[in-house]
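Predicted coordinates and the sequence they were generated for:
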Amino acid sequence: VLPLASPAAQSARADDSTANATAAAGYWMVASDGGIFSFGSAKFLGSTGNIKLNQPIVGIAASPTGAGYWMVATDGGIFSFGDAKFFGSTGAIHLNKPIVGMASTPSGKGYWMVASDGGIFSFGDAKFFGSTGAIHLNKPIVGMTSSPSGAGYWMVASDGGIFSFGDASFLGSTGSIKLAKPITGMAASPSGKGYWFTASDGGIFNYGDAKFFGAAASHPTKGAVNAMVPAADGQGYWQASSAGELQAFGSALDFGGVPGTLARPVVGMTAMPAGATGVPTTNPTGPGTTDTTGPSTTTTTLLPSGSPQPFSSSAVLSSWRTPDDAARPGYAQLVTAVAQYGNRVFIGGEFTNLLDPNKVAANPPIQYLAELDASTGAPIPGSTWTANAQPDKLVKALAVSPDGKRLYVGGDFNNIGGQRIDRLAALDINTGKVDPTFNPPAPSAHVNAILPANGRVYIGGAWKTLGGAPIPELASLMENGSLDTAFVTPQDFGGRYETHTGKAVEDPCLNVAPPCDPSGVVQGLAATADGSTLMAGGNFLHFGKALGDPAWDYKNHGGLVALDAHSGALTTWQPLSSRPAFAMVTWPGDGKTIFVANGGGGGGIFKYVPGGVTKAVWKATVDGDATAVAATATRVYLAGHYDHVCQDQRLQGNTNGGFSCVVNGPIHRHVAAFDPNGVLDYGFDAQENTPEGPDDIAVGPHALYGGGNFTGVADRAGTPPRDQIGFALYPLL
């Protein structure tokens with residue numbers, strides 16, 4: 001497995017206590033079992049050497065301060081140590097090709113991973129600039145490095161072919177040269193105007209302002225050279241072999257390599273960044289050793305720009321169920337929110353208990369929120385999570401924090417996790433108890449949507465005051481729950497789309513006895529991966545602009561607005577919309593496209609690209625409200641209260657255009673799949689019964705999960721439903 005040479009990092013700003021400190025020099029090597037060897041001023045901060053890994057480690061990158069590092073495994077599992085924070089992983093997702101390396105952003109607030117087919121997976125503030133995932137490569141990608149600005153990156157193949165994206169310029173390659181040995185890694189010069197490759201025999205190839213200072217090929221080596229990193233000043237570099245032997249050239253100081261014989265090969269190295277002062281090791285001239293503690297953060301299953309394969313139409317039948325809804329014969333008690341993490345899936349809703357395979361109610365009751373096995377849909381034996389969490393009223397929103405430590409819960413409850421908390425809380429993902437480090441202001445009414453992003457927690461709902469302050473329907477919170485005062489919520493000037501007909505009513509309180517609220521609510525949130533744009537949807541009519549404002553096309557901007565994710569101000573680009581929006585999701589394929597599920601006189605799925613055209617890039621309508629949407633890089637799943645998909649005939653080659661939504665057309669009772677360009681996936685033919693069906697769906701690495709008030713599921717249209725009540729999971733094909 002081939003590693004990555006980590007990029008040159010941006011200089012860290014020193015505070016007064018370290019202003020006169022000498023810039024630290026040193027490097028780390030990592031073995032395939034995650035064992036860490038530290039040299040010079042590079043401090044040992046932890047390892048996975050004693051942990052049984054699912055897949056071997058293949059790369060390492062240092063944080064900008066030099067006080068932390070990340071390691072990545074071939075399955076995209078991320079292990080973070082020191083001040084290197086966890087921003088997501090591909091650890092439990094079926095990848096088309098293995099991960100071969102990673103690079104961190106100059107800020108240290110994000111990172112990229114690259115697979116051998118050149119597929120790019122971006123997390124945190126790492127932006128997606130392109131990939132070779134859909135290109136036939138002559139040779140596999142073996143490493144990547146970012147430009148110093150973080151606004152681009154290069155990838156290198158084993159034949160020395162270079163692929164440049166963003167502001168990373170192409171400066172030359174060995175793609176047309178017959179090499180004696182394959183290329184195994186690369187590094188960029190501090191200016192970003194040059195780069196080096198290393199071959200497995202230690203041969204160096206330099207381009208742009210990256211100068212040649214020597215090569216391991218002229219020295220005896222043990223094992224293949226499989227990593228290189230530049231010195232902080234760009235006037236030298238190190239090379240490391242699989243046996244842990246170190247070669248230093250130019251200004252790169254030689255602090256030694258790994259003595260003796262290794263149990264596992266060295267697969268990567270990274271160095272102290274420019275300007276980092278670091279903390280000296282006990283033995284600054286010798287190697288560090290692996291320790292006996294685990295990583296500070298292990299892998300999660302947040303979706304990156306890669307994806308699972310499509311899901312099966314045949315649901316896994318679970319004998320656990322929500323009870324029948326006594327108020328609505330023929331319906332199940334409603335599941336309104338679904339979130340998945342690791343081997344668990346969390347469901348929230350209006351249900352007052354769960355019934356076991358013999359239809360016996362759980363005792364004590366499992367009400368409003370439950371932890372289930374992500375593979376079977378059954379409660380996890382011996383787990384106390386659900387009993388610890390137990391809210392006292394309905395749950396309407398669930399979201400897992402990016403670091404995988406919290407489950408955010410929103411709804412209309414007053415008690416949760418054993419404490420008095422109104423409508424919004426963070427639970428410990430492992431215990432179900434309240435996380436005491438998250439203390440939000442209490443919303444005066446229910447929370448519908450929660451979106452952790454940009455180091456913030458965005459919330460949307462029906463409240464008019466937040467902690468007593470007049471902040472209605474939408475807010476940005478800091479990670480500790482305090483109000484983000486830089487984010488100013490736009491004013492809702494009233495009016496709303498009413499009932500499922502989607503009728504726009506300017507004065508819904510006319511002839512209605514008080515109390516009556518004339519405004520709408522926020523029901524869905526999504527943000528672009530670059531952290532610039534927040535989209536908010538709901539049944540409001542005039543969010544941010546008053547009726548009659550000459551600069552505002554109020555008839556075409558109802559139900560959906562785009563905001564600056566930092567200030568809350570309306571952005572110049574605004575999506576055209578005249579329907580209530582119930583849910584939305586950012587497409588993991590590019591981190592920018594946003595799919596919106598909407599309703600009103602029939603619903604649909606609309607695709608928007610913020611900053612592009614203002615109308616939907618494509619849309620597919622359905623004959624009922626669309627209530628939920630989820631996406632992988634290759635599929636977009638839509639759920640709702642519909643029976644037919646009104647397919648755009650132009651996508652099927654009919655140049656006359658128009659939509660087809662006849663009763664003998666494609667029957668998709670409540671669940672359908674599309675490719676990212678709007679073409680209906682006829683192979684996904686799952687059906688759910690009851691007139692309403694699902695209320696929420698979520699994508700996990702191994703299944704598509706759905707919750708609602710259905711009582712049965714079928715694999716295809718026209719077949720009798722099988723009992724599956726309130727919650728269903730559709731496994732990978």
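The structure has been received and is ready for your questions. Keep in mind that what you see is a predicted model, and the values were worked out from it rather than measured.

hey, let's count contacts and neighbours off CA atoms from now on
Noted.

starting at the chain centroid, how far to stretch 333-347?
Distance of stretch 333-347 from the chain centroid (C-alpha atoms, centre = their mean, to the nearest Å) equals 17 Å.

State the mean pLDDT of it.
Taken as a whole, stretch 333-347 has a mean pLDDT of 94.

Stretch 241-253 now?
pLDDT averaged over stretch 241-253 gives 90.

which other residues reach it?
Under the contact criterion C-alpha atoms under 8 Å, 6 or more residues apart in numbering, stretch 241-253 has outside partners 25-26, 29, 213-216, 221-227, 230-231, 233, 235-240, 254, 256-259, 261-262, 265-267.

Try it again at 7 Å.
213-214, 216, 221-227, 231, 235-240, 254, 256-258, 262, 265-267 (C-alpha atoms under 7 Å, 6 or more residues apart in numbering).

For that stretch, measure first residue to last.
End-to-end distance for stretch 241-253: 17 Å, by C-alpha to C-alpha, to the nearest Å.

The helix or strand bottoming out on mean pLDDT in the chain: what's the following helix or strand?
One helix or strand of the chain scores below all others by mean pLDDT, DSSP states H and E: strand 659-660, with a mean of 50. Note on strand 659-660: by DSSP states H and E, the next helix or strand toward the C-terminus is strand 671-674.

what distance separates that following strand from the middle of the whole chain?
21 Å.

for the record, mean pLDDT for it?
Mean predicted lDDT for strand 671-674 stands at 94.

Over to stretch 505-520?
86.

partners of the closest residue to Thr586 other than its chain neighbours in the sheet?
Nearest non-adjacent residue to Thr586, counting by C-alpha to C-alpha, 6 or more residues apart in numbering: Ile594, 4.5 Å away. Ile594 has these beta-bridge partners by DSSP bridges: Thr586, Tyr608.

Equivalent analysis for the one 10 residues further on, please.
Residues found in beta-bridge contact with Gly604 (criterion: DSSP bridges) are Asn598, Thr621.

Restricted to strands, list the contacts of stretch 241-253.
225-227, 236-240, 266-267 (DSSP state E).

So what's the gap between stretch 140-151 and the chain middle?
On C-alpha atoms, centre = their mean, the centre of stretch 140-151 falls 20 Å from the chain's centre.

among the ones in strands among the contacts of stretch 241-253, which one has the lowest pLDDT?
Asn226 (87).

ok, it to Gly101 distance?
Asn226 is 12 Å from Gly101, by C-alpha to C-alpha.

more neighbours, those two?
Neighbours were counted for Asn226 and for Gly101 using other C-alpha atoms under 10 Å; Gly101 has more, 35 against 31.

Could you name the helices and strands sitting against the strand or helix carrying that one?
For Gly101, the element it lies in under DSSP H and E is strand 99-104. Packing partners of strand 99-104 (3 or more C-alpha pairs under 7 Å, 6 or more residues apart in numbering; DSSP states H and E): strand 57-62, strand 68-73, strand 110-115, strand 141-146.

Please identify which of those is closest to Leu576.
Of all the helices and strands packed on strand 99-104, strand 110-115 sits nearest to Leu576, with 32.0 Å by C-alpha to C-alpha.
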